[in-house]
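Asker: Fold the following.
(chains A and B)
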Amino acid sequence: MIHKVVANADEAIRDISNGMTLMLGGFGLCGIPENCINALVKKGVNQLTCISNNAGVDDFGIGLMLQNRQVKKMISSYVGENAEFERQLLSGELEVELVPQGTLATRCMAAGYGMPAIFTPAGVGTEVAIGKEIRNFNGKDYLMEKAFDADFAIVKAWKGDSAGNLIYRSTARNFNPVMAMAGKITIAEVEHLVEVGELDPDQIHTPGIYVHRIFQGQDYQKRIEQRTVRSI
Amino acid sequence: MLDKIGIAKRIAQEIKNNYYVNLGIGIPTLVANYIPEGINVVLQSENGLLGMGPFPIDGEEDPDLINAGKQTITTLPGSSIFDSAMSFGMIRSQKVDLTILGAMEVSENGDIANWKIPGKMVKGMGGAMDLVASAKNIIVAMQHVNKAGESKLLPECSLPLTGVKCVKKIVTELAVLEIASEGGFRLLERAPGVTIDEIKKATAGKLIIEGEIPEMKI
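Answerer: Have a look, this model is predicted:
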């Protein structure tokens, strides 16, 4: 069994350098790699291109990297909850590429499946289609969208073992499995790191072959963006 | 004239037994509260959940369990969880029977605009472009006119499009309309107390009126 455990987030991200392209898992603040984001903020690498469904909030998640001026470009489907993001975008400091959410997920998936591109109907007839190849299959138009090419994918899982096998919990799964498959180097931070043999092979969501480094995360905040409860 | 809850109640009548349904943010989310008794429906949330349950009771919120609006929710017996690629896979392959979403504008050929206003901060399209490009049945919940009193049911959308020729039906505070295959808004029902003249005045696109137009039952 190949041993993939590193001591902590600092060691996991040690060779991430300026100008690289990173994938970061999560939907809103749910299932984001909190430890690695904090380590990236501490390390101060900049000019990063970040592929992530959202851009965090002002004081948490990728929002912390934005505050620290580390992000050159965001590739996301929805970036609505972040005032600093808006300021940097309007001032021209930050570039943004908005991608339909299903296209974003499937461009990750394509990379993980070794396919150079996908065809999707999302965005046909809209400004998303500008400059892209359109092919007609069975009477319907589809856009060609290319697989992402990321230097690192950084994901968060619930459980993982020292061989890199991962299990996610609830909707914190979201983009994490497809991004885990898509990085040239994939880093996984987990809430529970266990020895090989402790996870049931039938229950693994991401096979360890996709994961290069894994570590036991700590001090998870798991912030809730929209705490919504029902009255009884 | 209907309020938001009235629009949600009318749309809820469109949900058939054993439907898989994706609800957008805003009025569409309210539809879940008015699904008729005896109708079995499974709600899909595009962040990766089938079988979305109600909001949790206070103290039982789980930060790992949210819907696409990032609200804390619950699962139900029979729920399943999956990743974002599979979530849009089931949308693209039309396993989801019905999509209900809001709109800023709809055109008489079924184009929809609901993600971007030029000159304003763009938040992103989220999953809307994927949903409208693939769904087999799209119902739009929207206001018939904007705050300035201008029609949002137009010959052509003026705002950047989310999708083309995709809307099937529209429920507004004034009426239920469907997009005719030859183009145009075919009037199906009037909201309680609303006259045909009021609907004509509020509709800038081609309005098709055939025969008696019944008042909707809420």
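
Asker: Worst mean pLDDT across the helices and strands of the chain, which element?
Answerer: I went with chain A, as the question did not name one. helix A:83-90 (a mean of 88; mean pLDDT, DSSP states H and E).

Asker: try chain B instead
Answerer: helix B:27-31 (a mean of 93).

Asker: helices or strands up against that one?
Answerer: helix B:4-12, strand B:98-102, strand B:138-141 (3 or more CB pairs under 8 Å, 6 or more residues apart in numbering or on different chains; DSSP states H and E). In this view, the C-beta of every residue, glycine as well, is placed from N, C-alpha and C.

Asker: Check which element follows it along the chain.
Answerer: Helices and strands here follow DSSP states H and E; after helix B:27-31, the next one along the chain is strand B:41-45.

Asker: Which SSE is immediately downstream of that next one?
Answerer: Scanning onward from strand B:41-45 (DSSP H and E), the first element met is strand B:49-52.

Asker: Just the C-alphas of that following strand, formatted as PDB.
Answerer: Provided in PDB are the C-alpha atoms of strand B:49-52 (Å, rounded to 0.1, in the frame of the first residue of the first chain):
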ATOM      1  CA  LEU B  49     -29.500  15.600  -3.000                       C
ATOM      2  CA  LEU B  50     -32.600  13.800  -4.000                       C
ATOM      3  CA  GLY B  51     -35.400  13.700  -1.400                       C
ATOM      4  CA  MET B  52     -35.000  17.100   0.200                       C
END
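
Asker: hmm, back to that, mean neighbour count added to the helices and strands packed on helix B:27-31, as JSON lines?
Answerer: Below are those laid out as JSON lines (neighbours: other CB atoms under 10 Å in any protein chain shown):
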{"stretch": "helix B:4-12", "mean neighbour count": "20"}
{"stretch": "strand B:98-102", "mean neighbour count": "24"}
{"stretch": "strand B:138-141", "mean neighbour count": "26"}
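
Asker: count of neighbours near residue A:10?
Answerer: 16 (other CB atoms under 10 Å in any protein chain shown).

Asker: mind checking how far it is from chain B?
Answerer: Going from residue A:10 to chain B by CB to the nearest CB, to the nearest Å gives 25 Å.

Asker: which outside residues touch the least confident helix or strand of chain A?
Answerer: Contacts of helix A:83-90 from elsewhere in the structure, counted by CB atoms under 8 Å, 6 or more residues apart in numbering or on different chains, are A:55, A:58, A:63, A:66-67, A:69, A:74, A:79, A:94, A:96, B:121.

Asker: and of the residues you listed, the nearest to residue A:128?
Answerer: residue A:96 (13.2 Å; CB to CB).

Asker: Look up the pLDDT of the closest one for me, please.
Answerer: Residue A:96 carries a pLDDT score of 95 in this model.

Asker: Would you mind confirming that it is in contact with residue A:74?
Answerer: Yes. Counting by CB atoms under 8 Å, residue A:96 touches residue A:74, with 4.9 Å between them.

Asker: So if I had to pick from these two, which one is more boxed in?
Answerer: residue A:74 (27 against 17).

Asker: how many other residues sit next to whatever residue of chain A ends up closest to chain B?
Answerer: Nearest to chain B, among the residues of chain A, is residue A:102, at 2.9 Å (CB to the nearest CB). Using other CB under 10 Å, residue A:102 has 29 neighbouring residues.

Asker: Quick one: end-to-end length of stretch A:194-214, please.
Answerer: 11 Å (CA to CA, to the nearest Å).

Asker: how about it: buried residues?
Answerer: A:199, A:204-206, A:208, A:210-214 (16 or more other CB atoms under 10 Å in any protein chain shown).

Asker: and chain B, which of the residues you listed reach it?
Answerer: By CB under 8 Å from any CB of the partner chain, the members of those lying near chain B are residue A:205.

Asker: so where's chain A shaky on pLDDT?
Answerer: Within chain A, the ranges that satisfy pLDDT under 70 run A:232.

Asker: Helix, strand or coil: sort out the nearest residue in space to the residue of chain A closest to chain B that is not next to it in sequence for me.
Answerer: Nearest in space to residue A:102, with sequence neighbours left out and distances taken as CB to CB, 6 or more residues apart in numbering or on different chains, is residue B:88 at 2.9 Å. Using DSSP: H, G, I helix; E, B strand; the rest coil, the structure places residue B:88 in helix.

Asker: The helices and strands packed on helix B:27-31: which one's closest to residue B:212?
Answerer: So among the helices and strands packed on helix B:27-31, helix B:4-12 is nearest, using CB to CB, at 18.6 Å.

Asker: Now do the closest one and strand B:98-102, the angle between them.
Answerer: Angle between the axes of helix B:4-12 and strand B:98-102 is 160 degrees (criterion: axes from the mean of the first three to the mean of the last three CA atoms, to 10 degrees).

Asker: Other residues contacting helix B:4-12?
Answerer: B:2, B:27-28, B:30-31, B:33-36, B:100, B:139, B:141, B:171-173, B:176, B:191, B:216, B:218.

Asker: Which among these count as buried?
Answerer: Buried among these (16+ other CB under 10 Å): B:2, B:27-28, B:30-31, B:34-35, B:100, B:139, B:141, B:171-173, B:176, B:191, B:216.

Asker: follow-up on the earlier one: did I read that right, the residue of chain A closest to chain B in a helix?
Answerer: Yes. Under three-state DSSP, residue A:102 falls within a helix.

Asker: In chain B, what residue comes closest to chain A?
Answerer: residue B:88 (2.9 Å).
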